[in-house]
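*Asks:* Could you work out the structure for the sequence below:
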Amino acid sequence: MVMSSTLDDTIIEARLSPSAKAVLQAVREIEDGREADVFQDGPDRNHLRMMTKTFRGSMYSALTKRLAEVIDMGGVSVVTQSDLMSLAADLWNQNASRLSETEVAVIRGATESPGLALNDLAMKVGLSYPQARRAHQRLRECGVLRVSGSLNLDTMGLERILLVMKSPQLVLTGPYIEKMLFVDGSSPTVYLVAVIAREQSDNLLHLVRSLRGDAEGIFVWRLSAGKLGFSDLYLNTKTGSWEPDILHFRLMLRGGGPPIVLGDAAPVPQFRVSYTPADLTMIDQLRDNYMKTANEIVGSTGLSGSTAFRKRQQILNSGIILPRPRVHVPSLCERIIVILPPDLAGDVLPAWSVLPVTYVSRVSAIEDASQERVLLLAAVPRGFGRVVVGVLSSELSRVEDHTAHVVSSGSDGSISMAAMFDRRSGTWKWSQGDFFDVRPYSIVRREVDDTSLPLDLA
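*Replies:* Model (predicted):
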């Protein structure tokens with residue numbers, strides 16, 4: 001057999017379709033810094049450009065090496081554009097997930113202390129400023145780490161609601177439903193996160209009650225902002241792969257921890273909110289990127305420089321927007337969701353905290369304030385989700401009052417504040433027909449995928 005290293009470009013190109021050749025040429029042009037017009041502009045090209053420019057090493061070399069290996073096996077007649085784009089995405093995901101020690105340190109520091117200026121972050125994690133800057137830039141460019149803005153809902157008269165729908169025939173959708181998580185199986189479950197005006201809770205409850213005849217059960221919880229966690233304990237630094245040690249995780253579960261005591265929720269301030277169009281624009285800009293400068297906001301909104309600078313400072317100083325780290329390691333593509341009582345959560349949290357990326361939040365039932373739970377989410381490599389759920393089930397079998405699932409699909413988005421707020425009345429809009437829709441489960445399930453799974457529900 002001819003070794004893959006001996007296959008030259010002409011042999012590889014002979015197997016490529018014309019459009020696949022254009023993709024490969026575009027990769028080479030991007031790497032050389034002289035992008036020729038060989039690949040049609042659009043989302044695919046933009047994505048390919050981002051992957052090529054943020055690839056550690058040469059994307060072109062990695063593609064041709066992998067193509068040579070596959071062609072060497074024989075039986076390959078044609079490689080299409082779709083094949084090549086999928087291969088590029090797979091190689092990039094593996095590449096972006098291999099984190100250096102400095103990148104790990106930056107992610108850890110950013111999750112522990114969100115919103116730190118880069119020089120302060122460097123000091124916190126023991127790096128020089130140039131080291132932190134380079135690591136932060138690469139993490140930001142490839143999307144592994146970004147700092148967005150999380151709404152401080154209590155200051156805005158809003159609240160975050162978690163709807164859990166078991167075996168539903170109909171699913172609540174619409175702009176106010178910001179996140180969706182689907183669990184497949186014999187008893188499908190849908191987790192929905194909505195952001196609504198606090199004064200509209202009764203209206204939402206009325207809407208939910210009208211759907212209870214079409215589901216095995218529907219539960220309505222208030223959801224706290226929660227906290228994101230990051231651990232590199234299961235990162236194999238030699239291979240750059242994430243390898244959760246299931247025996248270690250199991251033994252940590254047995255070690256337990258102190259019970260969690262959920263104190264009374266802080267009283268919610270009652271006041272009337274008022275926002276100008278510039279306020280709402282600024283809130284949306286900072287939600288997308290908490291670190292966005294006034295000059296960057298001017299370029300994307302049309303606000304004047306003085307207005308952008310003044311409004312940005314006002315919004316940040318008001319505490320309406322809080323810094324929120326978002327960690328997306330491509331190879332950590334599976335999500336696990338767990339809901340359990342506070343006393344049991346105390347046993348689980350020490351083990352949970354060593355999983356790669358985690359989210360911990362508090363939920364309280366709207367219809368029965370005495371019911372409180374802890375919600376856990378984690379991002380793990382493909383295939384490990386069911387193993388972790390299995391370990392949880394076996395180790396916690398003595399307690400029935402908990403659920404643990406691997407998430408199959410979902411969606412993640414947010415409605416703009418400008419669309420929610422009615423400036424004439426000074427209130428948050430509520431219109432069931434405009435902001436909520438009831439649709440068949442089967443249709444909604446087909447519309448979501450496993451590539452946009454939320455981890456942080458705030």
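*Asks:* could you pull out the helices for the stretch 1-150 of the chain?
*Replies:* For the stretch 1-150 of the chain, applying DSSP state H, counting those that start in this stretch gives helices covering 9-13, 18-32, 43-54, 59-72, 81-97, 101-112, 118-125, 129-141.
*Asks:* Grab the CA positions of the third one and hand them over as PDB.
*Replies:* Spelled out, it's helix 43-54. Taking C-alpha atoms only, helix 43-54 is exported to PDB below (Å, rounded to 0.1, in the frame of the first residue of the first chain):
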ATOM      1  CA  PRO A  43     -22.000  32.000   6.000                       C
ATOM      2  CA  ASP A  44     -20.000  29.000   4.800                       C
ATOM      3  CA  ARG A  45     -17.100  31.100   3.600                       C
ATOM      4  CA  ASN A  46     -17.200  33.200   6.800                       C
ATOM      5  CA  HIS A  47     -17.100  30.100   8.900                       C
ATOM      6  CA  LEU A  48     -14.300  28.600   6.900                       C
ATOM      7  CA  ARG A  49     -12.300  31.800   7.200                       C
ATOM      8  CA  MET A  50     -12.800  31.800  11.000                       C
ATOM      9  CA  MET A  51     -11.700  28.200  11.300                       C
ATOM     10  CA  THR A  52      -8.700  28.600   9.100                       C
ATOM     11  CA  LYS A  53      -7.500  31.800  10.800                       C
ATOM     12  CA  THR A  54      -7.900  30.400  14.300                       C
END
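*Asks:* what does that helix contact?
*Replies:* Residues outside helix 43-54 that contact it (C-beta atoms under 8 Å, 6 or more residues apart in numbering): 23, 26-27, 30-31, 35, 39, 59-60, 85, 88-89, 92, 96, 138, 141-142. No exception for glycine: its C-beta is placed from N, CA and C like everyone else's.
*Asks:* Point out the most buried one among the helices of the stretch 1-150 of the chain.
*Replies:* The highest mean neighbour count among these, using mean count of other C-beta atoms under 10 Å, belongs to helix 101-112: a mean of 21.
*Asks:* returning to that earlier point: in TSV, list the helices of the stretch 1-150 of the chain along with distance to residue 247 and mean pLDDT.
*Replies:* Output for the helices of the stretch 1-150 of the chain, formatted as TSV (distance: least, C-beta to C-beta, whole Å; pLDDT from 0 to 100):
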stretch	distance to residue 247	mean pLDDT
helix 9-13	43	80
helix 18-32	42	90
helix 43-54	35	87
helix 59-72	33	91
helix 81-97	23	93
helix 101-112	23	96
helix 118-125	30	95
helix 129-141	31	94
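*Asks:* Quick one: closest of those to residue 435.
*Replies:* helix 43-54 (27.8 Å; C-beta to C-beta).
*Asks:* got CSV for the helices of the stretch 1-150 of the chain, with distance to residue 178 too?
*Replies:* Putting those into CSV (distance: least, C-beta to C-beta, whole Å) gives the following:
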stretch, distance to residue 178
helix 9-13, 45
helix 18-32, 34
helix 43-54, 23
helix 59-72, 34
helix 81-97, 25
helix 101-112, 21
helix 118-125, 28
helix 129-141, 23
